[in-house]
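**Q** build me a model:
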Amino acid sequence: MRNSLTKDAWSLRVIYQALFRFKWRAIGFFVITVALAVVGIITSPRAYESYAKLLLRIGRESVSVDPTATASGQVIGFESSREIEINSVLEMITSRQIAEKVVDRLHQGKPFASAMERDIAIRDLRDRVSAWSPKQTSVIVLGAEGPTPEAAQEITQAIVDVYREEHMRVHRTSGSYKFFQEQSQMLRQQLEEATEQLRDAKNRFGFVDLAARRESLQKQVGELETTMRNLDSEITGTAAQASAVRASLDGLPSNLVATLAGGNEAVVKLREQFFALQTREQELLAKFTERHPEVIAIRQQVRELRAIFDNEKIDRGVAQSTVVLKEESLLSALQARRAKVAEQQQQLQAELQSLNQQESEVNQLQREVDLLAANYKTYAHSFEQSRVDQALSLEGITNVSVVQPASFEPKATRPRKGLTLAIAMFIGLCGGVTIALLSEQLDQTLRTSDDVERHLRLPILTSIPEMKAHAASAL
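**A** Predicted structure coming up:
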């Protein structure tokens with residue numbers, strides 16, 4: 001029996017001989033493979049694709065505003081990267097949620113025979129949908145297959161519409177408009193009530209500016225304290241002066257006592273003139289002699305006035321009582337004034353205490369007004385945001401724009417005739433060569449002298465050429 005070919009036995013000549021010898025097998029395999037491919041192309045169902053392109057504005061999940069994010073007064077900023085936002089969109093487009101809504105929309109609300117039938121339709125749709133983003137772009141390409149160009153276009157457009165609706169839904173807070181409307185109205189009513197209470201309290205207390213009222217009272221208290229200290233000093237001095245006058249009246253001359261006591265105004269003036277003349281006399285004596293005419297004249301006037309005073313009868317007891325009474329009256333007036341100032345101080349202190357209590361009440365009302373005003377401002381701003389957000393939702397505005405709607409592609413994308421035939425021809429060629437070589441490997445026939453020498457290891461002495469049948473009959 002012929003041994004298997006070794007590795008060294010394979011040569012171009014042997015391969016060529018094998019291909020020539022088993023050419024019909026190789027050709028048959030090639031023809032059958034190509035024919036099967038042609039049959040498959042003819043019999044396989046046609047598939048058409050439709051494409052749509054979406055532009056994603058990077059950096060904003062949605063043009064809507066989230067009023068609940070600002071109502072707390074504390075917002076944490078987060079900037080998404082391009083890959084995160086695009087991957088989020090791709091994940092949503094290919095999600096089962098979108099596929100379920102698209103299937104229900106395409107089925108036009110008709111019920112399925114069973115839940116299994118609906119699930120099969122959803123899985124089949126997901127298998128026929130693809131989405132991707134070209135590199136370094138913010139464009140999302142969406143493709144879907146269908147049995148006809150119209151069906152593929154309808155499926156693609158349905159996916160685009162459903163995705164945009166879901167995009168608006170997931171990026172908006174439902175119920176925020178009504179909530180912030182109710183809260184802003186309630187806070188506005190509370191703010192108006194608190195403002196009225198604050199106004200009534202200020203009217204009841206009789207002041208507008210609490211700080212100005214306190215400053216005025218404190219200024220008055222300071223002035224009264226200064227006045228009180230001055231009065232205390234004057235009372236102390238007046239009391240000491242009264243004691244000194246009372247003690248020294250007995251040793252004073254009667255005329256001096258009468259002067260201190262006051263009395264007739266003309267007499268008082270004469271005494272003042274008398275004292276002035278005496279003073280002038282002393283000044284002239286310091287300059288001139290006693291015989292100087294001016295000195296003589298001054299002395300004559302002094303003698304005349306002294307004679308008048310000597311003739312006047314002075315009641316010393318009455319004069320002393322008058323002097324003492326004058327000093328005591330001054331002391332009593334100062335003490336009465338001090339008592340009045342002390343009473344005013346007590347009134348101001350009472351007003352300050354009342355002001356402190358009023359200030360506590362007014363400050364509490366003011367804090368309530370300020371807090372309600374701040375809350376109302378926050379909720380009013382959030383209500384305005386929710387109103388804008390609702391308007392955007394009604395208009396269907398998002399950060400996803402349709403660059404290219406679902407296209408109509410009349411040319412079938414499957415089966416791919418050229419590619420299928422090329423693959424079939426390649427497989428047929430490779431398979432034909434393989435079958436020819438395999439047939440050569442399995443063939444046990446010795447056909448040449450080289451085969452005899454190589455496999456039987458015997459020398460060839462001679463060879464008889466093969467004669468065809470018609471040549472043998474001719475001989």
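**Q** contacts and neighbour counts: CA atoms only from here.
**A** Will do.
**Q** from G237, how far off is L330?
**A** Separation of L330 from G237 (Cα to Cα, to the nearest Å) stands at 11 Å.
**Q** what about these two, which has more around it?
**A** A count of neighbours by other Cα atoms under 10 Å puts L330 above the other of L330 and G237, at 16 against 13.
**Q** the residue nearest to that one when sequence neighbours are not counted sits in which helix or strand?
**A** Closest residue in space to L330, ignoring its immediate chain neighbours: T238 at 7.4 Å, by Cα to Cα, 6 or more residues apart in numbering. Taking DSSP states H and E as the definition, one finds T238 inside helix 210-248.
**Q** domains for this protein, by residue range?
**A** Domain assignment for the chain by automatic domain parsing gives 7-176+396-450, 210-381.
**Q** make JSON lines out of those domains and add distance to S184.
**A** Shown next, in JSON lines, are the domains of the chain (distance: least, Cα to Cα, whole Å):
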{"stretch": "domain 7-176+396-450", "distance to S184": "11"}
{"stretch": "domain 210-381", "distance to S184": "5"}
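**Q** mind putting the ones you listed into TSV with distance to Q183 and mean pLDDT?
**A** TSV is the format used below for the domains of the chain (distance: least, Cα to Cα, whole Å; pLDDT from 0 to 100):
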stretch	distance to Q183	mean pLDDT
domain 7-176+396-450	10	80
domain 210-381	7	73
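**Q** relative to Q189, which of those domains is closest?
**A** Nearest to Q189 among the domains of the chain is domain 210-381; the distance by Cα to Cα comes to 9.6 Å.
**Q** picking that back up, what comes up buried for the helix holding T238?
**A** Residues of helix 210-248 classed as buried: 210, 214, 217, 221, 224, 227-228, 231, 234-235, 238-239, 242, 245-246 (neighbour count, 16 or more other Cα atoms under 10 Å).
**Q** so which of the domains of the chain comes closest to A194?
**A** domain 210-381 (5.7 Å).
**Q** helices of the stretch 201-350 of the chain, start to end?
**A** Using DSSP state H, counting those that start in this stretch, the helices found in the stretch 201-350 of the chain span residues 210-248, 254-261, 265-287, 293-311, 316-395.
**Q** give me the buried positions along the very next helix or strand once past the last one.
**A** In this case it means helix 316-395. Later in the chain than helix 316-395, the nearest helix or strand by DSSP H and E is strand 400-404. Neighbour-count burial for strand 400-404 flags 400, 402 (criterion: 16+ other Cα under 10 Å).
**Q** so which of the buried residues of helix 210-248 comes closest to G418?
**A** L210 (93.9 Å).
**Q** for the closest one, give me its contacts.
**A** By Cα atoms under 8 Å, 6 or more residues apart in numbering, the contact set of L210 is E359.
**Q** for K417, same thing?
**A** I41.
**Q** which strands and helices lie in contact with the host helix or strand of H167?
**A** Per DSSP H and E, H167 falls inside helix 149-170. If you count contacts as 3 or more Cα pairs under 8 Å, 6 or more residues apart in numbering; DSSP states H and E, helix 149-170 packs onto strand 48-56, helix 82-93, helix 96-106, strand 139-146.
**Q** in CSV, list these along with mean neighbour count and distance to M168.
**A** Listed next are the helices and strands packed on helix 149-170 as CSV, based on neighbours: other Cα atoms under 10 Å; distance: least, Cα to Cα, whole Å:
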stretch, mean neighbour count, distance to M168
strand 48-56, 22, 13
helix 82-93, 16, 12
helix 96-106, 18, 13
strand 139-146, 22, 17
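**Q** distance to R416 added to these, as CSV?
**A** Formatted as CSV, these follow (distance: least, Cα to Cα, whole Å):
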stretch, distance to R416
strand 48-56, 11
helix 82-93, 27
helix 96-106, 27
strand 139-146, 14
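**Q** nearest to A436, out of these?
**A** Nearest of those to A436, taken as Cα to Cα: strand 48-56 at 40.2 Å.
**Q** contacts for the closest one next, please.
**A** Against strand 48-56 from outside (Cα under 8 Å, 6+ apart): 86, 138-149, 152-153, 156-157, 160, 399-414.
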